[in-house]
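In: I'd like to go over a predicted model; first the sequence, then the structure.
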Amino acid sequence: MAKSFRRSAWLRGVAASLACGLATVAMAATSSTFRVTAAIMPGCRLSGANSPLQWGVLDFGTLPMVSRDRLRTSLQTSPGLKLMCTPGVSLQMSVNGGLNAHRGQRHLHNGTHDLAYQLYDDAGLTRPIAIDQPVSLNYDRAEDVRLPLHAALLVSGVVPAGVYQDVLTVTLSW
């Protein structure tokens, strides 16, 4: 009987050990972790633009040939054109001299005559934008950034009739 009891105790011990081992295996970790990442690069994007890209127009309107007015206008953005920037991106704009600049001054031209005009980065026309000079842009809505382009044209006296034009290039950098 002692032999049988020992065998039986040994078998119970083996069975208990196997059961504990199986319980350990059954209770092993069944979850793990992994990382998910994305990097958002700072920058800006222009959407809704047709080719060739035309930002909009500064239109002083139509005036009489004899005028002594200081005309003002602001950039009217082309329909559908939208500039979006990563929030907080440091955005700068510069504007070239156009097709008719001379002596550091931008001019509208009608084929034979010029009219000098000035660009500003504020509606109050107090901060002129020099030719190719970078201007820092502040914006409240990163999903719809507006260029602060305003202009003034001083018409002094008799001006030859005609359509006066210029074409400017705006460069954005960040």
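Out: Yep, that arrived.

In: helix, strand, or coil at the nearest residue to residue 114 once chain neighbours are set aside?
Out: Spatial nearest neighbour of residue 114, excluding adjacent residues (C-beta to C-beta, 6 or more residues apart in numbering): residue 107 at 4.0 Å. Any C-beta I mention is one placed from the backbone N, CA and C, and that applies to glycine too. Under DSSP: H, G, I helix; E, B strand; the rest coil, residue 107 falls in the strand class.

In: residue contacts, residue 107?
Out: 98, 100-101, 114-117, 166 (C-beta atoms under 8 Å, 6 or more residues apart in numbering).

In: neighbours of the closest residue in space to residue 57 that isn't next to it in sequence, how many?
Out: In space, residue 57 comes closest to residue 76 once its chain neighbours are excluded; the distance is 5.3 Å by C-beta to C-beta, 6+ apart. Neighbourhood size, residue 76 [other C-beta atoms under 10 Å]: 12.

In: just the one 5 residues further on next, same as before
Out: Other residues near residue 81 come to 15 when the count uses other C-beta under 10 Å.

In: same check, this time on the one 4 residues further on
Out: Neighbours of residue 85 under the rule other C-beta under 10 Å: 21.

In: could you do the one 5 residues further on as well?
Out: Burial of residue 90 is recorded as 11 neighbouring residues (other C-beta under 10 Å).

In: so for it, what's the nearest residue that isn't a sequence neighbour?
Out: Nearest to residue 90 is residue 174, by C-beta to C-beta, 6+ apart, at 6.0 Å.

In: could you do residue 104 as well?
Out: Looking at residue 104 with C-beta to C-beta, 6+ apart, the closest residue is residue 131, at 6.2 Å.

In: re the thing from before, could you check the distance from the residue nearest to residue 114 over to residue 129?
Out: Distance of residue 107 to residue 129, given as C-beta to C-beta, to the nearest Å: 15 Å.

In: hey, which helix or strand in the chain has the poorest pLDDT?
Out: helix 2-26 (a mean of 52; mean pLDDT, DSSP states H and E).

In: before we move on, back to that, quick one: residues contacting the residue nearest to residue 57.
Out: 56-59.

In: what's the lengthiest strand in the chain packed up against?
Out: For the chain, the longest strand by residue count, based on DSSP state E, is strand 114-120. Counting contacts by 3 or more C-beta pairs under 8 Å, 6 or more residues apart in numbering; DSSP states H and E, strand 114-120 is packed against strand 106-109, strand 150-154.

In: pick the most deeply packed of these.
Out: Mean neighbour count (mean count of other C-beta atoms under 10 Å) peaks for strand 106-109 among the helices and strands packed on strand 114-120, with a mean of 20.
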